[in-house]
Every structure is written in structure tokens, then in C-alpha cells.
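Visitor: Below: sequence and its predicted model.
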Amino acid sequence: MGTIFLSVLNGHWRYAHINSVRGDGINPPLLGMDRTVSEDTVRGAMKRINEDVGLSWLRREIRECISPALELPWILDIDTTIKPLYGHQQGAEISYNPHKPGRPSHVYHSYFVSNLRISLGVDVLSGKKHGAGHGMPGLWQILEELPRSRWPSFGRGDCAYGSEKVMCEFEEKGLPYLFKLRHTPRVKALVQTCMRMGCGWQEVADGWEAMEARLKLSGWTQERRVVLVREAPALAPIGAKARRRRDCQGLPGASGAEWEATAAPWSGKIAVLVTSLDERDYPTEAMPRLYRERADCENAFDELKNQWGWSGFTTRKLTPCRLMANLVALFYNWWNLYVRFYDEEHHREAITSRPALMQGVARQVRSGGQRKIKVSLLHEKGEIIARAVTLISSQLHQMMRIAEQWSIDERWALLLTRLLRRWLGGKWITGVRKKAAPLLCARSP
């Protein structure tokens with residue numbers, strides 16, 4: 001595991017790249033290892049691990065690295081991404097593949113803590129299991145291992161999750177949801193009806209308007225709350241067909257409101273959201289912003305696939321692929337939390353944070369029975385980074401002195417309170433003792 005960690009942290013995405021960390025005499029002792037192993041040893045170990053035991057252990061580790069902070073309200077983002085394959089792998093099937101049509105693939109069903117970009121786990125399935133329903137068993141398994149007090153405020157997903165099966169599962173589990181609907185004929189009819197009404201649209205931020213309605217499709221078991229979101233008439237573009245109809249009706253200079261009153265077809269973007277959220281807690285004007293924030297999980301996909309190895313570490317068997325995907329997600333969470341020592345207000349992607357905090361020349365010096373590591377930073381902001389690392393190191397040592405008699409869970413809760421204090425809004429995670437307050441009040445570098 002230490003060898004894989006060093007490889008993934010260096011940005012590798014193939015097992016063959018693991019050999020580049022062989023012979024490192026400095027980093028393995030820092031991780032409590034005697035040495036690193038070869039790529040063949042890693043491959044063999046991944047094949048021998050029992051899938052159920054390995055995935056159960058990884059789910060627990062991924063969950064516990066953020067679980068203490070989930071006592072505060074949070075939002076669950078769920079989505080899927082496609083991993084194209086180029087060999088003869090188990091589960092490689094030709095199905096939906098937007099970037100490489102006709103290419104076999106695996107499907108990653110992923111779950112994230114919104115705004116933190118913390119992964120709660122990933123399910124790697126065969127290429128034909130890209131439907132949202134195939135990822136629900138893995139999601140409920142993760143949530144059921146959490147106390148009910150740490151469940152999300154609601155779940156969020158795109159139009160793939162706006163189906164009767166998925167919504168019924170959320171309603172049975174008592175978890176609210178916010179999904180997007182596909183523009184089926186009945187949904188289009190609702191849009192046209194709301195457009196002809198000409199009134200009832202509420203202005204929301206960033207030049208958007210929203211309207212609430214009730215809808216029951218033919219395949220639904222009950223009527224549900226839907227919210228229509230469109231661009232403001234003054235900002236929405238007018239297509240060529242709509243412009244010809246406007247000219248034929250003798251309205252060459254009609255404004256957005258006048259053109260809407262003529263029941264002309266809308267040429268801007270209209271999204272239809274379906275939700276089970278309470279109208280009193282989540283009014284209509286809040287829905288567009290809540291759904292737009294879901295797009296941040298696409299940035300997490302981009303980072304995990306292009307900077308952390310989700311697009312690689314492929315083997316013939318499906319089990320090692322599942323284990324490696326969850327290992328990468330675990331290491332991604334560790335690095336994400338560590339970088340928050342340096343910037344607690346923003347998420348710093350690995351493409352910039354790893355060169356700043358990792359690239360340097362290290363020398364091991366032995367003198368008087370002591371071993372010291374001297375690092376020469378190569379980054380152009382080396383002096384600033386050195387001061388920041390020194391400050392973080394002093395804070396970690398101070399934490400150890402304060403929490404010397406604490407349990408491991410209390411130490412981790414203290415560390416999370418320090419790392420996520422901006423996200424927590426000054427609140428304390430349960431289990432952190434008040435005598436650590438002076439430490440948590442220290443400013444970041």
C-alpha cells in the first residue's frame with residue numbers, strides 16, 4: 001500500500017510506472033517501510049486480495065476520513081463517468097461512451113461530499129451498467145454504514161437519476177433529492193403550458209427565472225414538485241425560426257415580455273428539476289443555485305481521471321480495478337485534506353499543489369545517532385513554501401502534545417476541526433476537547 005501511495009502521489013497511472021519509485025531510500029522509512037516493492041509484486045498482491053474483504057476495508061477507511069465532520073448539514077453529489085479500455089479486460093463492454101464511441105469501457109459510479117470534493121467511494125461496473133439504478137446498491141451500502149445523524153441533507157444528480165425507480169428508492173429511505181428531468185413529451189407539454197401563462201416566473205440570481213409546478217408522468221406513482229428554470233427574457237437568445245415568426249406577427253421590435261405574451265416558442269435554455277425538498281426550507285428561488293452547484297463534481301472527475309490515475313491502473317480482472325479505484329480515491333482524500341492546511345478557503349488541484357509541496361531534492365544526514373532529512377525546494381516560491389511547511393509542522397507537533405493521551409478518533413476529530421474550520425463555520429466536531437481552542441485559532445500561512 002505504501003508503494004502504491006508513493007506512485008499515485010507522483011501522478012502515475014500505470015503499474016509499470018511503479019518501478020520509478022524503486023530504490024528510494026528516504027521516503028519509505030518516513031512511511032514506516034523498509035523498502036518499496038516492484039510492480040509485479042503490486043500486481044500479484046492486488047490479484048490475491050479477496051474482493052469483499054478488500055472493498056469493505058477500503059469503504060471503512062474512505063468513510064472514516066471524513067465521517068466525524070458529517071454531523072453538520074451537507075449535500076451528496078452522485079454521478080457516473082466512463083473509463084475507456086483498450087485491451088481484453090473483464091467487464092469491458094461496448095455501450096454508452098461519449099468520448100470514445102464504440103470503445104469498450106468500465107463505468108465509475110461515484111459519490112462525493114459537495115463543496116469539499118471529498119470522495120465517499122466509487123463502484124466500478126461493466127460498461128453496460130451505466131444506468132443510474134446500477135449505482136444505487138453501492139450508495140445505500142455506504143450510507144447505511146453511517147449513523148443516521150450523519151446522512152446528507154439531500155442527494156443531487158443529473159437527468160440520469162430523474163427516474164421513477166431512483167426517486168422511489170430515495171423516498172423509501174427517507175432521503176430528499178434534487179434531480180433533473182429529461183424533456184419527454186409530457187415534460188415538454190408542461191414547459192409549453194408554463195410559457196403560455198406569461199406570469200408566475202420569479203427572478204433569481206445571475207439572470208435566471210424560475211417557476212414551480214406539480215407534475216405526474218404516466219410512469220410515476222405520485223405527483224411530485226417540479227421547478228422550471230430558464231434564462232431571463234432580456235438575456236435569452238432568439239433563434240432564426242422564432243425571429244421569422246415574430247416578424248410575421250408584426251412585432252419587429254418586441255421586447256422579451258411582449259414576445260412571451262404572444263406565446264412564441266422559447267429559444268433559450270429551459271431546465272426542469274424534480275425534488276422532494278420542503279418548500280418552506282428550500283423555496284423556488286433557491287433551486288437553480290442548488291442544482292448549478294452540482295456541476296462541481298465534474299471538476300472532481302476531471303482531477304481524479306487526469307491527475308490521480310482513475311483512467312489507468314487497468315488489469316485483466318475487474319477486482320484489482322475496483323480496489324485500485326478506491327485506493328486512488330482514498331489517497332485523493334488524504335491529499336485534499338492535507339492541502340487545506342495551506343489554503344482552507346479553496347480546493348487546490350494536484351496539478352499545482354503537488355509540484356509546490358513535493359518537488360525538491362532531499363538529503364539524508366546521519367550524525368550523533370540521529371537521522372535528519374534536509375530538503376532543497378526547487379519551486380520559484382520556495383521561501384514561502386518553506387515558511388508554510390515550518391508553520392504546519394509546528395502545529396502538528398503542538399497537536400500531538402495536546403492530544404498525547406487522546407484516542408485515535410479524538411485525534412482525527414481534532415485534525416479535521418483544524419483542516420475544515422472554514423467549512424464548519426467555527427463549530428466543533430463532537431469529540432474534540434475545548435482545551436485545543438488556542439491551537440485551532442491559529443491562522444493559516
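Guide: Great, that's in hand.

Visitor: partner residues bridging the closest residue to residue 114 other than its chain neighbours?
Guide: Nearest non-adjacent residue to residue 114, counting by Cβ to Cβ, 6 or more residues apart in numbering: residue 75, 3.9 Å away. Heads up, the C-betas are built off the backbone N, CA and C, glycines and all. Going by DSSP bridges, residue 75 is paired in beta bridges with residue 154.

Visitor: residues of the host helix or strand of residue 336 that come out buried?
Guide: In the assignment (DSSP states H and E), residue 336 maps to helix 318-339. Using 16 or more other Cβ atoms under 10 Å as the test for burial, helix 318-339 gives 318-333, 335-337, 339.

Visitor: what does stretch 269-287 give?
Guide: Result for stretch 269-287 [16+ other Cβ under 10 Å]: buried residues 270-277, 282, 284-285, 287.

Visitor: do stretch 172-191 as well
Guide: Neighbour-count burial for stretch 172-191 [16+ other Cβ under 10 Å]: 175-181, 187, 190-191.

Visitor: Same check on stretch 399-414?
Guide: 399, 402-403, 406, 410-414.

Visitor: which one among the buried residues of stretch 269-287 gets closest to residue 144?
Guide: residue 276 (19.5 Å; Cβ to Cβ).

Visitor: If I look at the closest one, what pLDDT would I see?
Guide: Reported pLDDT at residue 276 in the predicted model: 94.

Visitor: right, and it touches residue 169 too?
Guide: No. Using Cβ atoms under 8 Å, residue 276 is not in contact with residue 169, being 11.8 Å away.

Visitor: by how many degrees do the helix or strand hosting residue 398 and helix 318-339 diverge?
Guide: Using DSSP H and E, residue 398 maps to helix 382-402. Interaxial angle, helix 382-402 versus helix 318-339 (axes from the mean of the first three to the mean of the last three Cα atoms, to 10 degrees): 100 degrees.

Visitor: Show me how far helix 382-402 is from its chain's centre.
Guide: 28 Å (Cα atoms, centre = their mean, to the nearest Å).

Visitor: picking that back up, out of the buried residues of stretch 172-191, list just those in strands.
Guide: 177-180 (DSSP state E).

Visitor: Turn the residues you listed into a markdown table, columns for distance to residue 105.
Guide: Compiled in a markdown table, these are given as follows (distance: Cβ to Cβ, whole Å):
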| residue | distance to residue 105 |
| --- | --- |
| 177 | 27 |
| 178 | 28 |
| 179 | 24 |
| 180 | 23 |
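
Visitor: Name the nearest of these relative to residue 390.
Guide: Nearest member of those to residue 390, counting by Cβ to Cβ, is residue 178, at 44.2 Å.

Visitor: Is the closest one in contact with residue 153, as I believe?
Guide: No. With contact defined as Cβ under 8 Å, residue 178 does not reach residue 153; the gap is 10.1 Å.

Visitor: shared neighbours, the two?
Guide: Overlap of the contact sets of residue 178 and residue 153 (by Cβ atoms under 8 Å, 6 or more residues apart in numbering) is empty.

Visitor: show me where the stretch 251-400 of the chain has helices.
Guide: Along the stretch 251-400 of the chain, counting by DSSP state H, counting those that start in this stretch, helices occupy 256-261, 287-292, 296-307, 318-339, 350-358, 382-402.

Visitor: Out of the ones you listed, which gets nearest to residue 228?
Guide: Per Cβ to Cβ, nearest to residue 228 of the helices of the stretch 251-400 of the chain: helix 287-292, 9.5 Å.

Visitor: Now do the buried residues in the closest one.
Guide: 287-288, 290-291.

Visitor: Just give me the closest of those residues to residue 157.
Guide: residue 291 (9.7 Å).

Visitor: List the contacts of the closest one.
Guide: Neighbours of residue 291 in contact, by Cβ under 8 Å, 6+ apart: 156, 178, 180, 229, 271, 273.

Visitor: Quick check, residue 179 in contact with residue 158.
Guide: Yes. Using Cβ under 8 Å, residue 179 makes contact with residue 158 at a distance of 7.3 Å.

Visitor: in the protein, which helix or strand is least confident?
Guide: helix 256-261 (a mean of 44; mean pLDDT, DSSP states H and E).

Visitor: residue ranges of the strands in this structure, please?
Guide: 75-84, 105-113, 118-126, 154-156, 177-180, 202-204, 208-215, 224-231, 270-275, 360-367, 370-377.

Visitor: residues contacting residue 304?
Guide: Counting by Cβ under 8 Å, 6+ apart, residue 304 has contacts 119, 310, 328-329, 332.

Visitor: could you dump these to JSON lines with pLDDT and distance to residue 372?
Guide: Shown next, in JSON lines, are the contacts of residue 304 (pLDDT from 0 to 100; distance: Cβ to Cβ, whole Å):
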{"residue": "119", "pLDDT": "95", "distance to residue 372": "36"}
{"residue": "310", "pLDDT": "94", "distance to residue 372": "37"}
{"residue": "328", "pLDDT": "96", "distance to residue 372": "32"}
{"residue": "329", "pLDDT": "96", "distance to residue 372": "34"}
{"residue": "332", "pLDDT": "96", "distance to residue 372": "30"}
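
Visitor: now, the most widely separated pair of those?
Guide: Checking the contacts of residue 304 with Cβ to Cβ, the most distant pair is 119 and 310, at 10.2 Å.

Visitor: Tell me the buried residues in stretch 192-201?
Guide: 194-195, 201.

Visitor: Give me the residue ranges of the stretch 201-350 of the chain where confidence is low.
Guide: Scanning the stretch 201-350 of the chain for pLDDT under 70 picks out 233-268.

Visitor: For the residue nearest to residue 226 when sequence neighbours are not counted, list each beta-bridge partner.
Guide: Nearest non-adjacent residue to residue 226, counting by Cβ to Cβ, 6+ apart: residue 215, 4.6 Å away. For residue 215, the beta-bridge partners under DSSP bridges are residue 224.
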